[in-house]
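Visitor: okay, structure incoming, though there's no sequence with it:
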């Protein structure tokens, strides 16, 4: 039961040695992504700060070189600078590789959110990875329910398959190195095509608002502040 079909595809031009020295960027569907990526690549992560307090997982993540960030804080705790330093060290083979989820949160696996620029500000190459789940049964994207129920639901269904597409390392052009938004957009467009995803302009704040409505709870202060700035 659970996941017993993980199909890995390496696109033409993919070089595992080069990818091993490069920051990975992947779309984000579920906490299940973490297990799959650790199994395939054994990287550290940029993860939400709350995960550092999860028993066992938090300790393992810290040892694995994870960078923890509070997604609701202004400046996100200097995460961009931390990522750039790690990327430079990785190219020089002086540090463990990392994976970033540039969408900044999870999706339903059918759409791709706008990319944040943290992985692209330094102008370093990235290795795109596409995660595509078969979600016809109990979906790993059901993250509005407690983690224990999510994992139990996945384990109780007959099967759930995951397709992992490893793309060649993306080397930014001079224009992309000067413009992180352009760089992020072009990598996102590549992943949109490879994963056959739909594009959306939704953000992490939209997700927080949606979850609050689902649970009949007040909007988080960060969402209220964000909406006021948009008006």
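Guide: Looks like it arrived, so ask away. Since this is a predicted model, take the numbers as computed values, not measurements. Residues are numbered from 1 along each chain as shown.

Visitor: going by residue numbers, what spans are helices in the chain?
Guide: Applying DSSP state H to the chain gives helices spanning 16-19, 32-41, 57-63, 79-91, 147-156, 174-178, 180-195, 204-214, 221-230.

Visitor: find the least confident helix or strand in this structure, judged by mean pLDDT.
Guide: helix 57-63 (a mean of 67; mean pLDDT, DSSP states H and E).

Visitor: residue 184 versus residue 11, what's the distance?
Guide: Distance, residue 11 to residue 184, using Cβ to Cβ, to the nearest Å: 20 Å. For the C-beta atoms, the positions are set from N, CA and C on the backbone; glycine is no exception.

Visitor: please disregard the earlier target; I meant residue 211.
Guide: 25 Å.

Visitor: go ahead and flag the most central residue of this structure.
Guide: Nearest to the mean C-alpha position of the chain, by Cα atoms, centre = their mean, lies residue 101 at 2.1 Å.

Visitor: got a list of what it touches?
Guide: 25-28, 33, 46 (Cβ atoms under 8 Å, 6 or more residues apart in numbering).

Visitor: report the buried residues of stretch 18-27.
Guide: Across stretch 18-27, burial judged by 16 or more other Cβ atoms under 10 Å covers 19, 22-27.

Visitor: I misspoke; the intended subject was stretch 182-193.
Guide: So for stretch 182-193, counting by 16+ other Cβ under 10 Å, buried means 182-188, 191-192.

Visitor: quick one: it to chain centroid distance?
Guide: In terms of Cα atoms, centre = their mean, to the nearest Å, the centre of stretch 182-193 is found 14 Å from the chain centre.
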